[in-house]
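> Give the three-dimensional model of this entry:
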Amino acid sequence: MALSNKHAAWIRSGVDYGSLLAFVGTLLITHDFMKATVVLVVTSILALAVGLGVERRLAPLPLLTGVAALIFGTLTLVFHDKSFVKMKLTFVDGFLTLVLFGGVILKRNPLKSLLGSSLHLADEAWRALSIRYALFFLACAIANEFVWRTQSDANWGIFRLAVFGAALVFSIAQTPYLMKHMIAPSDETAALEPPDAGF
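Residues are numbered from 1 along each chain as shown. Below you'll find the model as predicted:
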């Protein structure tokens, strides 16, 4: 039986955030980083499988974070080195920062590829939103480098939850900007086409 859009959205949210919550929850309850990493790797595999089963595809951002969790989690277990998992956020957010700033410089809109299926904005609005998200990801990467190098495992786990919360708050805070610059789907092609045909 086909899932409704509402149910699919709930499942997508579980896919996107379930691995992180399971990892941090295990870490804070057991105080065993390696056991928590096993949970991270297993739930990441399950999340990718569920996401593929529900939507018959893997969206770019969940795919990036899921694959990164598998890679860095596996490295942590193989080398018994916590720093790999702790650096995952730095590498993922650093990569997203470079992609978004690079897109702005090259006059491309990579953020549109990530979020554009349900959002209809003019190119200038996408660029401004890309810069906002790039700065947010950069701040998270820098903060993660400071916290994991100076704080205990438990404090770092709490920080990861705080980053999750901050991401939700940041995204919600963009709502007024999105509402102001939203355009009708029928007008999207005209609005996205710049006046200079040589662009």
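> low-confidence ranges in the protein?
Scanning the chain for pLDDT under 70 picks out 1-16, 116-118, 184-199.
> And the strands in it?
In the chain, no strands are found when defined by DSSP state E.
> Any idea which residue is closest to the centre of this protein?
Closest to where the C-alpha atoms of the chain average out (C-alpha atoms, centre = their mean) is Leu61, at 5.3 Å.
> do you know how far it is from Asp123?
Leu61 is 21 Å from Asp123, where distance means C-beta to C-beta, to the nearest Å. C-beta: built from backbone N, CA, C; applies to glycine.
> ok so, going back, with adjacent residues omitted, what lies nearest to the residue nearest to the centre of the chain?
The shortest distance from Leu61 to any non-neighbouring residue, by C-beta to C-beta, 6 or more residues apart in numbering, is to Leu114 (5.4 Å).
> Check the gap between the residue nearest to the centre of the chain and Phe79 for me.
From Leu61 to Phe79 the distance is 27 Å (C-beta to C-beta).
> now Ala22
Counting by C-beta to C-beta - Ala22 and Phe79 are separated by 22 Å.
> again, but for Met179
47 Å.
> Domain map for this protein?
1-80, 82-192 (automatic domain parsing).
> which secondary structure elements does the lengthiest helix in the chain contact?
The residue-count maximum for a helix in the chain (DSSP state H) belongs to helix 123-150. The contact analysis (3 or more C-beta pairs under 8 Å, 6 or more residues apart in numbering; DSSP states H and E) places helix 123-150 against helix 83-105, helix 110-115, helix 153-173, helix 175-181.
> So which elements touch the last one?
Here helix 175-181 is seen to pack against helix 123-150 when contacts are counted using 3+ C-beta pairs under 8 Å, 6+ apart.
> For Ile158, which residues are in contact?
Val24, Leu28 (C-beta atoms under 8 Å, 6 or more residues apart in numbering).
> Begin at 601, not 1, for the rest of this chat.
I'll keep to 601 as the first residue from here, and by that count the last item is Ile758.
> Gly653 is nearest to which of the helices and strands packed on helix 723-750?
helix 710-715 (21.0 Å; C-beta to C-beta).
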